[in-house]
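Participant: coords below, sequence missing:
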């Protein structure tokens, strides 16, 4: 009986290691699909009810419409008239105080992906939040202030690496972590469970 319980426990735990990542992946994909579909889907549902005189929801229609809008925007942006229209739009948005800061930040973020390079140059260790404690951070840029070279290090919070702190450190206080950026991201996302 004890061998059976041990066998059952071992296979159950192994099964968890197989099923949990699959379940999390399905959950995230379903969430992303529903989120993307919901952005335009509710408007399209209202529009459809005008024409067919009843409430109905077609799953995926919002997402499909979103893809079409993005494709047409890309098509427009690659010709002369579209480029002029985008420049006009940028000039218009830059005059609106709050909208300008949101739009310009979003545009800078998309430029990082467009250029095909990560904004994280390398993974490092810094002493933070106090001396003697090392935090994993990512070098995002280097600046010079008053003749001193400062390294801008982004220190993500766990388990949500999209929030964190961007801090300036003297170059002498930034130490190589021995990890690639990808390995450091896995370390942060796993809450320190995945260490190279």
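Facilitator: That came through, no problem. Predicted model, so just to flag it, every value in this text is computed and none were measured.

Participant: Verify the stated contact: residue 177 with residue 135.
Facilitator: No. With contact defined as C-beta atoms under 8 Å, residue 177 does not reach residue 135; the gap is 10.1 Å. The C-beta positions use only the backbone N, C-alpha and C, and glycine is treated the same way.

Participant: Packing partners of the helix or strand residue 141 falls within?
Facilitator: Here residue 141, judged by DSSP states H and E, is contained in strand 134-145. When contacts are defined as 3 or more C-beta pairs under 8 Å, 6 or more residues apart in numbering; DSSP states H and E, strand 134-145 packs onto strand 122-127, strand 148-156, strand 164-170, strand 174-176, helix 181-189.

Participant: what about residue 7, neighbour count?
Facilitator: When neighbours are defined as other C-beta atoms under 10 Å, residue 7 has 10 of them.

Participant: okay, residue 160: pLDDT?
Facilitator: Looking at residue 160, its pLDDT stands at 66.

Participant: returning to that earlier point: and the strand holding residue 141 with helix 181-189, angle?
Facilitator: 120 degrees (axes from the mean of the first three to the mean of the last three C-alpha atoms, to 10 degrees).

Participant: Off-centre distance for strand 134-145?
Facilitator: 19 Å (C-alpha atoms, centre = their mean, to the nearest Å).

Participant: Could you do stretch 150-159 as well?
Facilitator: 15 Å.

Participant: Run through who's touching the strand holding residue 141.
Facilitator: The contact list for strand 134-145 (C-beta atoms under 8 Å, 6 or more residues apart in numbering) reads 119-129, 149-156, 166-168, 171, 174-175, 177, 179, 181, 184, 187-188.

Participant: For PyMOL, write the selection for the buried entries among the residues you listed.
Facilitator: The buried subset of the contacts of strand 134-145, as determined by 16 or more other C-beta atoms under 10 Å, is captured in PyMOL by this line:
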select buried, resi 119+120+122+123+124+125+126+128+150+151+152+153+154+155+156+167+174+177+179+181+184+187+188
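
Participant: Tell me how far the residue lying closest to residue 133 once chain neighbours are set aside lies from residue 134.
Facilitator: In this structure, residue 133 finds its nearest non-sequential neighbour in residue 127, 6.4 Å apart by C-beta to C-beta, 6 or more residues apart in numbering. Distance from residue 127 to residue 134, counting by C-beta to C-beta, to the nearest Å: 6 Å.

Participant: can I see the domain layout of this structure?
Facilitator: Listed domain ranges for the chain are 1-69, 79-117, 122-189 (source: automatic domain parsing).

Participant: what about the helices in the protein?
Facilitator: In the chain, the helices defined using DSSP state H lie at 2-52, 61-77, 80-93, 97-114, 181-189.

Participant: Just name the most buried of those.
Facilitator: helix 181-189 (a mean of 18; mean count of other C-beta atoms under 10 Å).

Participant: now for that helix, which elements pack on it?
Facilitator: So helix 181-189, by 3+ C-beta pairs under 8 Å, 6+ apart, packs with strand 122-127, strand 134-145.
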